[in-house]
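[1] need a structure here:
(4 chains)
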4 protein chains.
Amino acid sequence: MAYGLHFIEHITPEESLLRRVGRVLAQGETPYQSYLLYESRGFGKVLMLDAEVQSTERDEYIYHEALVHPAMLAHPEPREVLVVGGGEGATLREVLKHPSVARAVMVDIDRELVEVAREHMPEWHQGAFDDPRTELVFADARAWLEASDRRFDVIVLDLTDPVGRENPAKLLYTREFYELVAKKLAPGGVVVTQAGMLMLDRYQVHTVLHRTMREVFPFVRSYRDWIPSFFLAYGFIVAAEGFDPATYSPGVLGARILERGLELRHLDADFIEAMFVLPRDMRAWIEAETVVSTDARPFYLTPEGEARVG
Amino acid sequence: MAYGLHFIEHITPEESLLRRVGRVLAQGETPYQSYLLYESRGFGKVLMLDAEVQSTERDEYIYHEALVHPAMLAHPEPREVLVVGGGEGATLREVLKHPSVARAVMVDIDRELVEVAREHMPEWHQGAFDDPRTELVFADARAWLEASDRRFDVIVLDLTDPVGRENPAKLLYTREFYELVAKKLAPGGVVVTQAGMLMLDRYQVHTVLHRTMREVFPFVRSYRDWIPSFFLAYGFIVAAEGFDPATYSPGVLGARILERGLELRHLDADFIEAMFVLPRDMRAWIEAETVVSTDARPFYLTPEGEARVG
Amino acid sequence: MAYGLHFIEHITPEESLLRRVGRVLAQGETPYQSYLLYESRGFGKVLMLDAEVQSTERDEYIYHEALVHPAMLAHPEPREVLVVGGGEGATLREVLKHPSVARAVMVDIDRELVEVAREHMPEWHQGAFDDPRTELVFADARAWLEASDRRFDVIVLDLTDPVGRENPAKLLYTREFYELVAKKLAPGGVVVTQAGMLMLDRYQVHTVLHRTMREVFPFVRSYRDWIPSFFLAYGFIVAAEGFDPATYSPGVLGARILERGLELRHLDADFIEAMFVLPRDMRAWIEAETVVSTDARPFYLTPEGEARVG
Amino acid sequence: MAYGLHFIEHITPEESLLRRVGRVLAQGETPYQSYLLYESRGFGKVLMLDAEVQSTERDEYIYHEALVHPAMLAHPEPREVLVVGGGEGATLREVLKHPSVARAVMVDIDRELVEVAREHMPEWHQGAFDDPRTELVFADARAWLEASDRRFDVIVLDLTDPVGRENPAKLLYTREFYELVAKKLAPGGVVVTQAGMLMLDRYQVHTVLHRTMREVFPFVRSYRDWIPSFFLAYGFIVAAEGFDPATYSPGVLGARILERGLELRHLDADFIEAMFVLPRDMRAWIEAETVVSTDARPFYLTPEGEARVG
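    Take a look at the predicted model:
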């Protein structure tokens, strides 16, 4: 270990990550979060939001491919896509790879952070903010959705975890919010969300989201991938009303990847299928969950990462 | 974060894990390594060897099921099994779950550590050391194998990574060692080894082992699983001479699990199959590797985790 | 820096000490505090109480000489001495070096910790617990003093800082407690107390104690010494009713050291005098303090080290 | 403790300081050292050079008053003053407070660092770089001194410790260097140097410097002060050829402070005298030292802080 600048990152209440920090590129506090962008040897640029890593230059492709393509590929021809959150612009970038997309609306509450990303993180957005199909909205996603009468083929929820009892983001994880999302899906629409870490005694973001989405959607499917810079296996959930978004065979997925000309570094059809195969213990956690997050009793995490409702 | 006792664990040269340490149960230096066994809130008892976690009470079942059963299930009726390393006794425990096993030989160089495990880690071995089918040998595995004329249906290599230029364990990762292992396999035999972390720029233990084993075995298959307490996706390699040990269908695997009465907490047939499906980037790393570890130029890691040959 | 076991110690809310921990010798929780005794390379055995170092084998002589001898030497012939706290036994050891002492009563609330010290810390007590002049009492010091009708020539208060709003020890730092102490001093008696760290914006334990003792004693004198293992300049306060305990010249102090045959490793007459000379900034902090700790509004520290009253 | 940005600072090979880092103001690598200037809650701005704190906004007055004034006050009328090192400009600032000073030459090798200080650290230099009496030279001090024929009333050596076997700064700590310094002192001249930490088993910078200067100067006097942001008692050494620079009485010192109109926050005459009174153990370390640093076998520290010669 070296002396010098480090970031102590929260993982669990008892385990933290001590990361060597190189040159600091940007640092500040927006009205919504604190951010730090720095250079590292192993991960390139690293973006921290509050106490946790958000994404890194070298492995963001893993997270963003895993978040975006299973849902996009489950839809035969996604034209209208909504991204909620996703300030770095990489979720947008992956969405725009699908040639059928006519319009990609990104709604993020944090204008300052998006400006930091636009200026300092071109490796992430790669011009996606300036794509003519992109429509960038700075607003509270729930209020914006309530006021909007648009419908989307795919909705990608790329939100930070609801940390803190007073965090208004916890209202983006409730049954009522998913009901709103369901109303904004076009027929045949698909929604996908990042869904928290999946480990031993720290999986409740995932299981509560899964359980809550089941209240709204007939088909809810969990999958996971290992994100190197998170040092965690990370969960995602895809849901739909009229069909099961996880039942496409590798043959169909492979054909769609090919016909859309998707250049993927991490995923292929076989691996997409394999991500949906969870081990026994994880399946048991999901099946055993009883908590539904509601506006009246929303789910959140304490700053230490303990799950709470209320 | 709390004040108090912590363990700073090496993960990469720039990232360390800061783990809260509860009650210290055992601590010492054997001729081969230093050890620390302590209690934690999230993982129960935690065993550290030198600078790195070895296994924990709460999630050791994941590592040990993933290490043992794919190889054991690939063999139609494993009778004679050799475990190299595996001081905690949990690898042995999983091997002994297969009712066809008549004899399980465990060769570990570190008698003191095995005694610590026997006394303080009953949750791991669960009596496996005292099973009448167990034969416990304290010896250098390579010398013992050279001197022995026994042959095995399954050989499980459960070794620590070869850290340090002077570490004699690096001779348990060379082409010559695998040639020796191949000679000790009975017809239809299978060998499996733990095979290092698999992340971004830290995967060379895995890829060099894979490349080296290919020099010896016609069929070499990588798989991986996410080990919570390692905070890493971890690699394994299974190899055989006369057949491909990764081609059994979930149907066959499921039938064997059933007929052997295996009680598994983490694995089932579908998940075993899914573990062998690697993402594109990982497959590319394995394919691109050119280094073969040999007795003349053995592969090892520096204490900081950098890969070296020589 | 090395990987492995460390203790993260609280110093200020923003600065912590990261100490390499060797062999753990004793560890536990008494009804009053948690303790950890371990071996270190630079300090020998180290005793931690809760989040902070208490004393170390190699430099405890500095703290204990500085705490005990200025008060003992200010008294012409101390016969009856009371030590409050001082669980390691080293304060007692220093008191007993003065040949005039006929009786040394030590009142400590934490029997378990004293037993740990007796067994594992002979370098500290050096048999002091077994000295025929020693009288060991396990009790709350305030209650014991209230119930007792004994009087003492010197009273040494060797207490931990009052950390935590609910910490009953904060009642050992109030005006009412010092009034009780004053009543238990024999004519010509002297009281001395450890009195917290003295740094930049972290000195209020010292200044509030000084200000509070001024309510009770006509003569109150602060002095300080640098304690290596604390990585802090540390304050002490000596007080008396009938004379100024800091006015003895080096000549008198030197003569008393000689006639009592005191073997000192850290102090001599000149250095005792120099310890009472505080820099301008520190004197200003003491003079500016207005807070008096009372039973109604006792002074305490938050776990992070912020000063509070109430 | 909080999550987020921290600096791990070297203190001893086994103890490190973990400092919370706020806003990063400047960060870089000069040809001589790496630097980091950041904001902290307790110390204001903090300047780190390589792995160690250099000085902080809130307590730099303590270090700089202690370094400069004892030597300046030992001289009856310092006119020509040389500062070697002292890149922040605060040593210069303190020197210039003495009204007799006609010329203050500052020789520092690191132009880039001085420019960082000039721009970002006005609280330190307070315009001293622009004082008409200041002469700023960017050069290797030893080469510059060898080439110069000027003589000085007071020479202040404000150098970083000689860390690293290849560090050319170790040649600013040898007998030959002090011989050169002695030649550049005007009659009645005084030299003072910072002289390393003074703790338990980490005092050799101080004792070797003391022993080495004794080879050159008839009068060599150690003193110390506690520097809060260093979390250390820190040593200084003042030396002269024709008189003992530590024998002025508080009366004389007080008169000089008064007649020079010095506004001091930390020192006064009594405290200056008290700084020269060392405890028994420290005196013993100084007396026992036998190592003389020479050009042939210069003294240096390993990066971990171990003392070496050669």
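[2] quick check: residues of the stretch 51-200 of chain A near chain B?
    Counting by Cβ under 8 Å from any Cβ of the partner chain, the stretch 51-200 of chain A comes close to chain B at A:58-59, A:62, A:199-200. (C-beta placed from N, C-alpha, C; glycine too.)
[3] export those to CSV and tack on pLDDT and neighbour count?
    Shown next, in CSV, are those (pLDDT from 0 to 100; neighbours: other Cβ atoms under 10 Å in any protein chain shown):
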residue, pLDDT, neighbour count
A:R58, 97, 18
A:D59, 97, 21
A:I62, 98, 24
A:M199, 90, 25
A:L200, 87, 18
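[4] which of the residues you listed fall within helices?
    The helices, defined by DSSP state H, take in A:I62 from these.
[5] can the residues of the stretch 51-200 of chain A next to chain B go into CSV with extra columns for distance to C:V114?
    What follows is those, written out as CSV (distance: Cβ to Cβ, whole Å):
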residue, distance to C:V114
A:R58, 55
A:D59, 54
A:I62, 56
A:M199, 42
A:L200, 40
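[6] and the strands in the stretch 51-200 of chain A?
    Assigned by DSSP state E, counting those that start in this stretch, the strands in the stretch 51-200 of chain A fall at A:52-56, A:80-85, A:103-108, A:134-138, A:152-158, A:185-197.
[7] compare the ones you listed and give me the one nearest C:T91.
    Minimum separation from C:T91 across these (Cβ to Cβ) falls at strand A:52-56, 46.2 Å.
[8] partner strands of that closest one, with direction?
    In the sheet, strand A:52-56 lines up against strand A:44-49 (antiparallel) (DSSP bridges).
[9] name the nearest residue to A:L73, sequence neighbours excluded.
    Closest residue to A:L73 apart from its sequence neighbours, by Cβ to Cβ, 6 or more residues apart in numbering or on different chains: A:R256 at 5.1 Å.
[10] which SS class is the one you found?
    Secondary structure for A:R256, judged by DSSP: H, G, I helix; E, B strand; the rest coil, is helix.
[11] for A:G310, give me the pLDDT.
    We have a pLDDT of 85 for A:G310.
[12] A:D295 is in contact with that one, correct?
    No: the criterion here is Cβ atoms under 8 Å, and A:G310 misses it with A:D295 at 11.6 Å.
[13] count of neighbours near A:E52?
    For A:E52, the neighbour count with other Cβ atoms under 10 Å in any protein chain shown is 17.
[14] against chain B, how distant is it?
    Going from A:E52 to chain B by Cβ to the nearest Cβ, to the nearest Å gives 13 Å.
[15] quick one: contacts for that residue?
    Under the criterion of Cβ atoms under 8 Å, 6 or more residues apart in numbering or on different chains, the contact list for A:E52 reads A:9-10, A:160-161.
[16] of those residues, which is the nearest to chain D?
    Ranked by distance to chain D (Cβ to the nearest Cβ), the contacts of A:E52 are led by A:H10 at 4.8 Å.
[17] tell me the contacts of that closest one?
    Contacts of A:H10 by Cβ under 8 Å, 6+ apart are A:16, A:51-52, A:303-305, B:1, D:3.
[18] what do you get for A:E112?
    Contact partners of A:E112, counting by Cβ under 8 Å, 6+ apart, are A:28, A:30-31.
[19] can you name the residue of the stretch 151-300 of chain A nearest chain D?
    Counting by Cβ to the nearest Cβ, the stretch 151-300 of chain A gets nearest chain D through A:V163, at 11.1 Å.
[20] tell me the pLDDT at that residue?
    A:V163 carries a pLDDT score of 89 in this model.
[21] please apply the same query to A:L198.
    Note on A:L198: pLDDT of 93.
[22] count the neighbours of it for me.
    For A:L198, using other Cβ under 10 Å, the count is 27.
[23] that one contacts A:A233, correct?
    Yes: with contact defined as Cβ under 8 Å, A:L198 reaches A:A233; the gap is 4.9 Å.
[24] now stretch A:260-279: how far from the chain's centre is it?
    Using Cα atoms, centre = their mean, to the nearest Å, the mean C-alpha position of stretch A:260-279 is found 16 Å from that of the whole chain.
[25] let me know the average pLDDT across that stretch.
    In this model, stretch A:260-279 has an average pLDDT of 97.
[26] who's in contact with it?
    Outside of stretch A:260-279, the residues within contact range by Cβ under 8 Å, 6+ apart are A:61-62, A:65-66, A:69-70, A:73, A:97-100, A:221-225, A:246, A:249-251, A:253-254, A:257, A:286, B:62, B:225, B:266-268, B:270-271, B:273-274, B:277-281.
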